[in-house]
Each structure stands twice: as structure tokens, then as C-alpha cells.
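S.K.: compute the structure for the input listed below.
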Amino acid sequence: MRDAYHDLEAQGAAVVAVGTGNRAYAAAFVADERIPFPVLVDDDAAAAHAAGVARVGMARLLTDRRSWAGTRRARAAGHRVHKAGRRVTQLGATFVIGPGPELRYAHVDEHSADHAALEEVLAAVAA
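M.R.: Next up, the predicted model:
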């Protein structure tokens, strides 16, 4: 989302990330990755639970072959694993909400390399 932030903002979207670490972890992540939008902290997993975002077991996290290709792509693109928060096995999700309470798009990750397609997010914001 960082790389598409200006496109999303130009369409009138407000981008907010919700992280799994504590404040110190989130601040380091924002600085290291040059995140231009707010990052909120969900240290107790309340937001993840409310959104139905799953965790995976450590064995699945390390052995799920679907994640390996994504890990290689991320590493080749220069992404690195930062200090892990308390919920390192927490999967992610992407939602487009609004205006108002309307849920316009939802993608809940099935494995650690499963992320929302940026084209789909942009289309949901434009709709």
C-alpha cells in the first residue's frame, strides 16, 4: 500500500494500517519502511478478532509451500523481516470501507504470502 498511497489518496481514500506489534515495533516499522500513512497498534488482537483475521501455527507458517514463493519475491524486492511482534503468526487482511460503514472490499489472507491484489483495492476505492 505504501507504493500506491498517493494513487489511493488522489482518489479520496484514507489509508490506515493496523499492526500486530507494540508502539515501539510500529514506530520502527514506519521509520524503516518510510510508511506515509498512520499505523495503529492492535497489540491485544481485538481488531484482528473483530475482523475475523486468523493466526496460523508456527509449523504451518514455516512449512506452507504457498508462502515460499512470496517469501522469495519479497526478499528479491528488498523487503526484510523486521523485529517480530508478539503475534508473529498473525495473518493479514485488507479492507476498503466507506463512505460510512459500507464494506466495499475485503481480502483476508489465507497464508503469509497471500495479500490483496493492488488492482482490486484500487478498483474498490474508485467504485
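S.K.: pull the residues that contact stretch 101-115.
M.R.: 51-54, 56, 61, 64, 66-71, 73-74, 91-98, 116-117, 120-121, 124-125, 127 (Cβ atoms under 8 Å, 6 or more residues apart in numbering). Any C-beta I mention is one placed from the backbone N, CA and C, and that applies to glycine too.
S.K.: recalculate using a threshold of 6 Å.
M.R.: 53, 64, 66-67, 70, 91-97, 116, 124 (Cβ atoms under 6 Å, 6 or more residues apart in numbering).
S.K.: filter these to the buried ones?
M.R.: 53, 64, 67, 91-96, 116, 124 (16 or more other Cβ atoms under 10 Å).
S.K.: where's the dip in pLDDT among those residues?
M.R.: Note: of these, the lowest pLDDT belongs to S67, at 73.
S.K.: any idea how far it is from G78?
M.R.: 18 Å (Cβ to Cβ, to the nearest Å).
S.K.: list the residues that contact the residue most central in space within the chain.
M.R.: Nearest to the mean C-alpha position of the chain, counting by Cα atoms, centre = their mean, stands G92 at 5.0 Å. The neighbourhood of G92, defined by Cβ under 6 Å, 6+ apart, consists of D109.
S.K.: repeat the analysis, applying 10 Å as the threshold.
M.R.: 17-20, 48, 53-54, 107-109, 112, 114-116 (Cβ atoms under 10 Å, 6 or more residues apart in numbering).
S.K.: save these as a markdown table, and put in distance to V30 and secondary structure too.
M.R.: As requested, those are exported to a markdown table (distance: Cβ to Cβ, whole Å; DSSP: H, G, I helix; E, B strand; the rest coil):
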| residue | distance to V30 | secondary structure |
| --- | --- | --- |
| A17 | 9 | strand |
| V18 | 13 | strand |
| G19 | 9 | strand |
| T20 | 14 | coil |
| A48 | 19 | helix |
| V53 | 21 | coil |
| A54 | 25 | coil |
| H107 | 22 | strand |
| V108 | 24 | strand |
| D109 | 21 | coil |
| S112 | 21 | coil |
| D114 | 23 | coil |
| H115 | 19 | coil |
| A116 | 20 | coil |
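S.K.: right, I'll call it a day here.
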